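> quick one, structure for this:
(chains A and B)
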Amino acid sequence: DQQVKQNSPSLSVQEGRISILNCDYTNSMFDYFLWYKKYPAEGPTFLISISSIKDKNEDGRFTVFLNKSAKHLSLHIVPSQPGDSAVYFCAASAGGGTSYGKLTFGQGTILTVHP
Amino acid sequence: ETGVTQTPRHLVMGMTNKKSLKCEQHLGHNAMYWYKQSAKKPLELMFVYSLEERVENNSVPSRFSPECPNSSHLFLHLHTLQPEDSALYLCASSQDWGAQYYGYTFGSGTRLTVV
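Below is the predicted model of the structure:
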């Protein structure tokens, strides 16, 4: 049972345009959500996060939106740059229950930004 | 060195071999994790250690044996592996178990191939 899903394996956008990466989750106990970015031959690095008490968090070019009723979150990157080309993982955690103390990851979306 | 360091970066082993993966963190974190990343699958949590005690074993086969001798070091001992165990093995750390709100710091991973 995959509790965090990224249904788009890949996304291709033009430099300067907006990239929108999507993530859906099923566990209603999740109360914190994170996005990680991974380059080849490197480990994932933390990008941005959002608590379930908010519906938006912004950090520079990166904005994460959370729709709790739809159990959906998205990462917006604007403007997109070639250096943003990487695999993006959505992750979720819970303050209690069986998901306490651990991150549950989606399968990742490969973003390619063309010059 | 800073961050989370994993060695070796690449490992090829036969099914009858015994090998170990090493992870070291220089961040003063109290929790350490082993994750497995297989092709086109989400990162799968294997083990969690908090203050050198194992707090989570995510139904991992006994051919994988973790060891945490101190809060800075984490090992994954491997024996009689199967070809389907070939994957990227990622180590991560966080300030404390349950401190997922701050995210994890990942190492670059060990690419394991079982032949």
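> from chain A, which residue is nearest to chain B?
Chain A approaches chain B most closely through A:G43 (3.2 Å), counting by CB to the nearest CB. Glycine gets a C-beta too; all of them are placed from N, C-alpha and C.
> show me where chain A has its strands.
For chain A, the strands defined by DSSP state E cover A:4-5, A:10-14, A:19-25, A:30-38, A:45-51, A:56-59, A:62-67, A:72-77, A:86-94, A:104-105, A:109-114.
> want to throw those strands into TSV with mean pLDDT and distance to B:S62?
Compiled in TSV, those are given as follows (pLDDT from 0 to 100; distance: least, CB to CB, whole Å):
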stretch	mean pLDDT	distance to B:S62
strand A:4-5	95	27
strand A:10-14	97	37
strand A:19-25	98	31
strand A:30-38	93	29
strand A:45-51	93	32
strand A:56-59	96	41
strand A:62-67	98	39
strand A:72-77	98	37
strand A:86-94	93	27
strand A:104-105	90	24
strand A:109-114	97	34
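> make CSV out of these and add mean neighbour count.
Shown next, in CSV, are those (neighbours: other CB atoms under 10 Å in any protein chain shown):
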stretch, mean neighbour count
strand A:4-5, 20
strand A:10-14, 14
strand A:19-25, 21
strand A:30-38, 22
strand A:45-51, 17
strand A:56-59, 12
strand A:62-67, 18
strand A:72-77, 20
strand A:86-94, 24
strand A:104-105, 23
strand A:109-114, 17
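> could you dump the ones you listed to JSON lines with distance to B:K19?
Below are the strands of chain A laid out as JSON lines (distance: least, CB to CB, whole Å):
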{"stretch": "strand A:4-5", "distance to B:K19": "31"}
{"stretch": "strand A:10-14", "distance to B:K19": "33"}
{"stretch": "strand A:19-25", "distance to B:K19": "35"}
{"stretch": "strand A:30-38", "distance to B:K19": "24"}
{"stretch": "strand A:45-51", "distance to B:K19": "27"}
{"stretch": "strand A:56-59", "distance to B:K19": "40"}
{"stretch": "strand A:62-67", "distance to B:K19": "39"}
{"stretch": "strand A:72-77", "distance to B:K19": "37"}
{"stretch": "strand A:86-94", "distance to B:K19": "27"}
{"stretch": "strand A:104-105", "distance to B:K19": "25"}
{"stretch": "strand A:109-114", "distance to B:K19": "30"}
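> so the residue of chain A closest to chain B sits against B:V4, correct?
Yes. Applying CB atoms under 8 Å as the test, A:G43 and B:V4 come out as touching, 7.1 Å apart.
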